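> the following comprises the amino acid sequence and a computationally predicted model.
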Amino acid sequence: MRRHFCSVFLFCGVFLPRIFGFPHANTSIDCDSLLPNYENEPQSSPPPYIIAVSFDSFEPGNEIQVTLEALKDVGFKEFNLQARETGGDVPVGTFKITDRNTKGLECHNITNSAVSHANSDLKQKITTTWIAPNDVRDLQFIATVVQDLEKFWVGIESKTLTSTYSKSVNGTGKNKRKIMIEIECNKVCTTYLQFHRFNPPVPPRAAILVVRVGQSTQ
């Protein structure tokens, strides 16, 4: 009797999850590769999911609402969502957990640097809040979404968000350098022309260098 009971228990624990498409309780999605610990290959078809964002640009400290949503009634059970710089391979920024179906993950020793599923319930969409860090370039949100044991999509991307902070800092720095060079050039050239008003010789080396630097910043 005990042998039959053990056989039934093993059948229910091993085969029923695959029959009904329930993910294992210890399912995890790697922070770097974004691959789940399944034996199957990711789907190559267009994903039936989208990542929507509340803003197209950001500065340090901005909070952006991010929504992962199913386009059809298929839903999803598990996911891993991150923000990555364009062409980057590590998560940037942190998430504020606002949805009971989500939880924060610690990737690369940074708390809440990614957000994932808190359970394996079927979901149509989840919403979270991303907080922009300092010194980050343009970025995208990227996700792996698991529909069931047989179907999952890797590398689903949002549109690109522009970092206005980095551009404004660089632009301001260039403008300041240009203004200072122009002022210095005017000082040197004006003094030189006043001194050699009638028979100007070859301009001094300092004036030539200043003018060249000013031209290179145009």
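Good, I have the coordinates.
> tell me who's in contact with Ala132.
The contact partners of Ala132, taken as CB atoms under 8 Å, 6 or more residues apart in numbering, are 58-64, 93. From N, CA and C alone the C-beta is placed, and that goes for glycine too.
> buried members of these into PyMOL, please.
Listed next is the PyMOL selection for buried residues among these, using 16 or more other CB atoms under 10 Å:
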select buried, resi 58+62+64+93
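> just the strands in this protein please.
Ranges of strands in the chain, per DSSP state E, are 49-53, 57-58, 63-70, 78-85, 94-96, 102-107, 110-117, 125-131, 139-146, 152-157, 162-163.
> dump those strands into TSV; add distance to Leu34 as well.
TSV is the format used below for these (distance: least, CB to CB, whole Å):
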stretch	distance to Leu34
strand 49-53	13
strand 57-58	22
strand 63-70	13
strand 78-85	6
strand 94-96	16
strand 102-107	10
strand 110-117	9
strand 125-131	16
strand 139-146	4
strand 152-157	5
strand 162-163	22
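> TSV for those, including mean pLDDT and distance to Leu35?
TSV is the format used below for these (pLDDT from 0 to 100; distance: least, CB to CB, whole Å):
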stretch	mean pLDDT	distance to Leu35
strand 49-53	99	17
strand 57-58	98	28
strand 63-70	98	18
strand 78-85	98	9
strand 94-96	98	20
strand 102-107	97	14
strand 110-117	98	14
strand 125-131	98	20
strand 139-146	98	7
strand 152-157	98	6
strand 162-163	98	28
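> so which of these is nearest Pro42?
In terms of CB to CB, the element of the strands of the chain nearest to Pro42 is strand 152-157, at 4.3 Å.
> list the helices and strands the closest one packs on?
strand 49-53, strand 139-146 (3 or more CB pairs under 8 Å, 6 or more residues apart in numbering; DSSP states H and E).
> swap the cut-off to 10 Å and go again
strand 49-53, strand 78-85, strand 139-146 (3 or more CB pairs under 10 Å, 6 or more residues apart in numbering; DSSP states H and E).
> so which of the ones you listed is nearest Ser120?
Smallest distance to Ser120 across the helices and strands packed on strand 152-157 (CB to CB): 6.3 Å, for strand 78-85.
> got the angle between that closest one and strand 152-157?
30 degrees (axes from the mean of the first three to the mean of the last three CA atoms, to 10 degrees).
> quick revisit: in TSV: the helices and strands packed on strand 152-157, plus distance to Tyr38.
Output for those, formatted as TSV (distance: least, CB to CB, whole Å):
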stretch	distance to Tyr38
strand 49-53	17
strand 78-85	10
strand 139-146	8
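> any chance of those strands in a markdown table, plus distance to Asn101 and mean neighbour count?
Formatted as a markdown table, these follow (distance: least, CB to CB, whole Å; neighbours: other CB atoms under 10 Å):
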| stretch | distance to Asn101 | mean neighbour count |
| --- | --- | --- |
| strand 49-53 | 15 | 17 |
| strand 78-85 | 10 | 23 |
| strand 139-146 | 13 | 24 |
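> tell me which of the ones you listed approaches Glu69 most closely.
Between Glu69 and the helices and strands packed on strand 152-157, the tightest spacing by CB to CB is seen for strand 49-53, at 5.8 Å.
> partners of that closest one in the sheet?
Partners of strand 49-53 in the sheet, by DSSP bridges, are strand 63-70 (antiparallel).
> now the strand it pairs with: buried residues?
Using 16+ other CB under 10 Å as the test for burial, strand 63-70 gives 64, 66-70.
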